[in-house]
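Enquirer: Generate coordinates for the sequence data below:
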Amino acid sequence: MSPKKNRLDTVRKIISQSNCSSQEELLCKLAVEGYSSTQATLSRDLRELGVVKVHVADGYSYRLPEHATSINPTVRRDSVDGIRSVDCSSSFIVIKTAPAFAGPVSAIIDHNVGTEYIMGTIAGDDTILVILREPSMTQQALLALDTCFPGIQSKLK
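Expert: Numbers count the residues shown, from 1 in each chain. Okay, the predicted model is just below:
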């Protein structure tokens, strides 16, 4: 196996077995496992693995995408509470969230909302770009989002 593949597997293992809240903490745990890495390399690794930072009881923690929505049943509720506004334009819906909520909310959308109206999402720290299949599908997409996040339409600008 390549050194990169081994490092990525180790990052996966660390994230799945512990609550890491910062890249510095992850770098330390990687060092304990025998990997010397830079923050820039780790950042690229996290992006490649699709790792998201989610809200947990005592702060934030990195999670692999397949575990992002199932770690804690309050993630969905907290994510809805963390949605600040929703704005629509042509083939896009922009969702503004509280800081660090965009990743988990985006993961919930990607894993729970059908693809008949929504092609996908792009998340930053506090903003999500929802890409629609067609500009005419805005209302259907909002209804689909409302099934996942009841009350989201009340946040429309």
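Enquirer: Would you map the strands across the chain?
Expert: Secondary structure of the chain (DSSP state E): strands located at 52-56, 59-63, 83-89, 92-97, 118-123, 127-132.
Enquirer: so where is the chain shaky, pLDDT-wise?
Expert: Within the chain, the stretches falling below the threshold (pLDDT under 70) are 1, 65-80.
Enquirer: rewinding a little: okay, the strands of the chain in TSV with mean neighbour count and distance to residue 13 next?
Expert: The C-beta positions use only the backbone N, C-alpha and C, and glycine is treated the same way. Listed next are the strands of the chain as TSV, based on neighbours: other C-beta atoms under 10 Å; distance: least, C-beta to C-beta, whole Å:
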stretch	mean neighbour count	distance to residue 13
strand 52-56	21	17
strand 59-63	20	12
strand 83-89	15	32
strand 92-97	20	29
strand 118-123	16	24
strand 127-132	18	29
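Enquirer: So which of those is nearest residue 19?
Expert: Distance to residue 19, taken as C-beta to C-beta, is lowest for strand 59-63 among those, at 4.3 Å.
Enquirer: In terms of secondary structure, what does that closest one contact?
Expert: strand 52-56 (3 or more C-beta pairs under 8 Å, 6 or more residues apart in numbering; DSSP states H and E).
Enquirer: could the strands of the chain be laid out in TSV, adding distance to residue 145?
Expert: Below are the strands of the chain laid out as TSV (distance: least, C-beta to C-beta, whole Å):
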stretch	distance to residue 145
strand 52-56	18
strand 59-63	22
strand 83-89	8
strand 92-97	8
strand 118-123	8
strand 127-132	8
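Enquirer: Show me the one of the ones you listed that comes nearest residue 152.
Expert: When the strands of the chain are ranked by proximity to residue 152 (C-beta to C-beta), strand 83-89 comes first, at 6.1 Å.
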